[in-house]
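# Take a look and give me a structure for this.
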Amino acid sequence: MAGLALAIELAAASAHAQSVRDGILPLEEHAAGEARALAEIHASELHALQSDMDRCVAGVSVQRKGIAFRQPRGLAADAPYLTLWVWLTDGRAPGAGDIAARATDAFRRHAQALFRHLVERSPVFADPRVGGFGLILTWVGPSPGDGRVVGESLVMFADKLTVANFVFDTIAPSVFLERAGVRIFDGQTEVTRVRLSIDDDVPAGDRLGC
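Numbers count the residues shown, from 1 in each chain. This next block holds a predicted model:
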């Protein structure tokens, strides 16, 4: 996605423990045009989101510059999306299995609660220039055996109404996934031809406080 480096091959495991004070992408680093204008107009909401994450959400670390208005890849004609990028830490990372199973676990446990913090930014939700919301969940994946530390990521973008319906249980998780743009990364490499396997009868996971 434009302007977003899904990095995530790390020199040391501590590299993902970013300070929440650095969580907001600076105004001048937003893409010129609508994204930068939205970041300026809704600056107080970006800071409120950062504060919520710091105050309410234990075991989840905001990626440096991870709160921003971004343009999802493949949606160049659409408006910018308010995006939150976090690391899952302190036992909140997904469990065993292959990368699809880990991404499914991360979605089930965290997506609804974290999307709720985005939907609660009422001025952003009401702004017709905002196309939707994005959520990036990253965690430290299994060691490849050569001493590297590699992050895996689940990336989701959806329009505002789809996200709100998911947050408030108006649509099932599987329906949300059908409507959203969903991508999975192993380090910097996108993993294709895999899908999340969601059982709509299994309750959502952590509420993450507040």
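
# use CA for all of it now, contacts and neighbours both
Fine.

# okay, Gly95: pLDDT?
At Gly95, the pLDDT value in this model is 74.

# any idea of the mean pLDDT for the helix or strand in which Leu114 is found?
Here Leu114, judged by DSSP states H and E, is contained in helix 112-119. For helix 112-119, mean pLDDT rounds to 96.

# Repeat that for stretch 162-171.
pLDDT averaged over stretch 162-171 gives 96.

# again with stretch 41-51
Rounded mean pLDDT across stretch 41-51 is 95.

# Asp169 - how many residues pack around it?
When neighbours are defined as other C-alpha atoms under 10 Å, Asp169 has 12 of them.

# Apologies, that question was intended for Ala100.
17.

# what about it, distance to Pro26?
33 Å (C-alpha to C-alpha, to the nearest Å).

# And for Ile198?
Using C-alpha to C-alpha, Ile198 is found at 36 Å from Pro26.

# Low-confidence stretches in the protein?
Scanning the chain for pLDDT under 70 picks out 1-21, 74-77, 143-145, 147, 203-210.

# residue boundaries of the helices in it?
Remark: helices assigned in the chain by DSSP state H are 34-41, 43-56, 99-106, 112-119, 122-126, 160-167, 173-179.

# Between helix 43-56 and the fourth one, find me the angle.
Translated: helix 112-119. 150 degrees (axes from the mean of the first three to the mean of the last three C-alpha atoms, to 10 degrees).

# before we move on, back to that, in CSV: the helices of the chain, plus distance to Trp139.
Shown next, in CSV, are these (distance: least, C-alpha to C-alpha, whole Å):
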stretch, distance to Trp139
helix 34-41, 27
helix 43-56, 17
helix 99-106, 9
helix 112-119, 15
helix 122-126, 28
helix 160-167, 22
helix 173-179, 20
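
# Out of the ones you listed, which gets nearest to Ser153?
Among those, the nearest to Ser153 by C-alpha to C-alpha is helix 99-106 (7.5 Å).

# now the helix holding Leu114: how far from the chain's centre is it?
Centroid separation for helix 112-119 versus its chain: 10 Å, with C-alpha atoms, centre = their mean, to the nearest Å.

# by contact count, what packs against it?
helix 43-56, strand 132-140, helix 160-167 (3 or more C-alpha pairs under 8 Å, 6 or more residues apart in numbering; DSSP states H and E).

# Could you look over the ones you listed and pick the most buried one?
With neighbours taken as mean count of other C-alpha atoms under 10 Å, these reach their highest mean count in strand 132-140, at a mean of 26.

# what does that one contact?
Around strand 132-140, the neighbours that count as contacts under C-alpha atoms under 8 Å, 6 or more residues apart in numbering are 13, 79-89, 93-94, 106, 111, 114-115, 118-119, 125, 149-161, 163.
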